[in-house]
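In: Could you look at this predicted model? Sequence included:
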Amino acid sequence: MTINDYKFAGKKAIVRVDFNVPLNENGEITDDTRIRGALPTLKHILEEGGALIIMSHMGKPKGKVVAKYSLKQIVDAVSAALGAPVQFAEDCAKAADKAAALKAGEVLLLENLRYYPEEEGKPVGIDKEDPAYEEAKKAMKASQKEFAKTLASYADCYVNDAFGTAHRKHASTAVIADYFDADNKMLGYLMEKEVQAVDNILSNIKRPFTAIMGGSKVSTKIGIIENLMDKVDNLILCGGMTYTFAKANGGEIGNSICENDKLDLALDIIAQAKAKGVNLVLATDCVAADAFSNDANTQVCPSNAIPEGWEGVDVGPESRKAFAAAIEGAKTILWNGPAGVFEFDNFAAGSKAIAEAIAKATDEGAYSLIGGGDSVACVNKFGMADRVSYISTGGGALLEAIEGKVLPGVAAIKG
Ligand code: AMP
């Protein structure tokens, strides 16, 4: 079923959203992006004459009631965003009466799902090494099903709009879907957009396809690099991983960040790119600093000839040009991870050059997807968020999707 086709009039919809918003010490929301992200779905259901039961997690209360993670703190903000009063159920597993009393156009927000260990479905208070762990896990899986069944009993249909947790097989993100038939479960608008974005870079590729992978370590990106190797035309690898590649090739990298146990892996990636005809673009020059600080002394030097006592903190001007050339003319672009320590303004030029090249290519018709944590912060920092095609809201979920993994939250609905 799709959210556009479903007839919500007179129906109760239970909607999994990601309202895990950051709060300050006074319990005030410091960034409401996630609430705004779910509004199209929530408003649509109300406008169509449905009643809303909204559920989410907040923080990591680890199966216990922890006041600082109470969703009660966001009731007024959700109400203001929706333009409708929002009732609150203090206990998400004992909300049957409140749900039953809901009328069309009314909204009920459930308390934090993760106050119950059943949400995540992991046994608590028992070590993985404990011989009784397997039994405890089985028992927890059984009570997770009961918990999901209880949540499902509140509503006529289930909508999942929480992309940020789509890579988790939790009660509210996946297990609950078993209690609705295919005609009564669907993805929300945000999820639909995210799934479409992933499809654009993994299946529906317009060529040339340039992927830019940065960040600190090659080890955390290897799954993605290997999956992309069969799909991209140009692969730019930058950020801290540059120096693992430089060292693997026999270069001198001074104090630069390096994963010494991944030198063979770096050589293997270079070989794979060659074998598959992928244009692998590595930084040839870098901005080196004599300390990990914005005020450090800097010099531009080859990425494979960094003096002792200096470390590569950004890509140099020659590399920026080479990166821009590989991005120019691309029709599909994926960017994950900064080219340097962009948090320090003096080391942000490489990441900025990438953002600018992507914005330019997008103006010229490319599809550009930015996702996975820090690269989103980059485009925001440079004020280019509205000059790219799509910025993913899901960090870990997006990364798993582009590794080619099936997301349980999506599979539970689409099969
Ligand atoms: P990741 O979470 O793996 O995407 O890494 C993001 C982090 O990598 C950011 O905090 C950057 O500051 C950091 N980073 C990027 N380039 C470098 C570099 N050359 N040396 C050290 N850290 C870097």
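Out: The structure has been received and is ready for your questions. Numbering: from 1, shown residues only.
In: roughly how far apart are the closest residue to Ala289 other than its chain neighbours and the ligand?
Out: In this structure, Ala289 finds its nearest non-sequential neighbour in Ala296, 3.9 Å apart by C-beta to C-beta, 6 or more residues apart in numbering. Heads up, the C-betas are built off the backbone N, CA and C, glycines and all. Applying C-beta to the nearest ligand atom, to the nearest Å, the value for Ala296 to the ligand is 12 Å.
In: which residues sit in contact with Ala296?
Out: Going by C-beta atoms under 8 Å, 6 or more residues apart in numbering, Ala296 touches Ala289, Asp290, Val313, Asn346.
In: Selection in ChimeraX covering whichever of the residues you listed are buried, please.
Out: Selection of buried members from the contacts of Ala296 for ChimeraX, criterion 16 or more other C-beta atoms under 10 Å:
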select :289,313,346
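In: Check the spacing between the residue nearest to Ala289 and Ala288 real quick.
Out: Distance of Ala296 to Ala288, given as C-beta to C-beta, to the nearest Å: 9 Å.
In: overlap in contacts of the two?
Out: With C-beta under 8 Å, 6+ apart as the test, Ala296 and Ala288 both reach Val313.
In: burial of the residue of the stretch 101-250 of the chain found nearest the ligand, as a residue count?
Out: For the stretch 101-250 of the chain, the residue closest to the ligand is Gly215, as judged by C-beta to the nearest ligand atom, at 2.5 Å. Residue neighbour count, defined by other C-beta atoms under 10 Å, stands at 20 for Gly215.
In: can I assume Val281 sits in a strand?
Out: Yes: assigned with DSSP: H, G, I helix; E, B strand; the rest coil, Val281 falls within a strand.
In: is it true that it touches Ala324?
Out: No: between Val281 and Ala324 there is no contact under C-beta atoms under 8 Å: 10.4 Å.
In: between the two, who's got more neighbours?
Out: The residue with more neighbours, out of Val281 and Ala324, is Val281; 20 against 17, by other C-beta under 10 Å.
In: hey, what's that one bridged with?
Out: Taking DSSP bridges as the rule, Val281 bridges to Ile236.
In: ok, now how distant is it from Cys157?
Out: For Val281 relative to Cys157 (C-beta to C-beta), the value is 47 Å.
In: Need the nearest residue in space to Met186, chain neighbours excluded.
Out: Met186 sits nearest to Met1 (C-beta to C-beta, 6+ apart), 4.4 Å away.
In: show me what contacts the one you found?
Out: Counting by C-beta under 8 Å, 6+ apart, Met1 makes contact with Cys157, Ala182, Asp183, Asn184, Lys185, Met186.
In: From what I see, the fourth one and Val159 are in contact.
Out: No: using C-beta under 8 Å, Asn184 makes no contact with Val159, being 9.8 Å away.
In: With neighbour numbers in mind, choose between those two.
Out: The residue with more neighbours, out of Asn184 and Val159, is Val159; 33 against 18, by other C-beta under 10 Å.
In: can you pull the contacts of the more buried one?
Out: Ile3, Ala13, Ile14, Val15, Arg16, Thr41, Ile45, Lys185, Met186, Leu187, Gly188.
In: Does the second one touch Gly49 like I think?
Out: No: assessed by C-beta under 8 Å, Ala13 is found out of contact with Gly49, at 10.8 Å.
In: anything in contact with each of those two?
Out: Counting by C-beta under 8 Å, 6+ apart, nothing touches both Ala13 and Gly49.
In: Can you pick out the residue with more neighbours from those two?
Out: A count of neighbours by other C-beta under 10 Å puts Ala13 above the other of Ala13 and Gly49, at 27 against 13.
In: still on that earlier bit, quickly check the contacts of Ala296 for the two that are furthest apart.
Out: Greatest spacing in the contacts of Ala296, by C-beta to C-beta: Asp290 and Asn346 (12.4 Å).
In: Write out the residues of this structure neighbouring the ligand.
Out: 215-217, 220, 239-240, 257, 312-313, 337-338, 340-341, 343, 373-374 (C-beta under 6 Å from any ligand atom).
In: Can you turn the buried subset of those into a selection I can paste into PyMOL?
Out: Buried members of the residues of the chain next to the ligand, defined by 16+ other C-beta under 10 Å, are picked up in PyMOL with:
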select buried, resi 215+216+217+239+240+257+312+313+337+338+340+341+373+374
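In: In strands, which of the residues of the chain next to the ligand fall?
Out: Judged by DSSP state E, the residues of the chain next to the ligand include Gly312, Val313 as members of strands.
In: any idea which of the residues of the chain next to the ligand is least confident?
Out: Within the residues of the chain next to the ligand, the minimum per-residue pLDDT falls on Gly373 (70).
In: Now do the contacts for that one.
Out: Asn336, Gly337, Gly395.
In: out of those, which one sits closest to the ligand?
Out: Taking C-beta to the nearest ligand atom as the measure, Gly337 is the one of the contacts of Gly373 closest to the ligand, at 3.8 Å.
In: Hmm, Ala211 and the closest one touching each other?
Out: No: judged on C-beta under 8 Å, Gly337 makes no contact with Ala211 at a distance of 10.5 Å.
In: Tell me how many other residues crowd Gly277.
Out: So Gly277, with other C-beta under 10 Å, has 7 neighbours.
In: quick revisit: would you point out the most distant pair within the residues of the chain next to the ligand?
Out: Farthest pair in the residues of the chain next to the ligand (C-beta to C-beta) is Gly312 and Gly373. Separation: 20.8 Å.
In: Strands along the stretch 1-150 of the chain, start to end?
Out: 12-16, 51-55, 87-89, 107-110 (DSSP state E, counting those that start in this stretch).
In: I'd like the ones you listed as TSV, with mean pLDDT appended.
Out: Formatted as TSV, the strands of the stretch 1-150 of the chain follow (pLDDT from 0 to 100):
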stretch	mean pLDDT
strand 12-16	98
strand 51-55	98
strand 87-89	98
strand 107-110	98
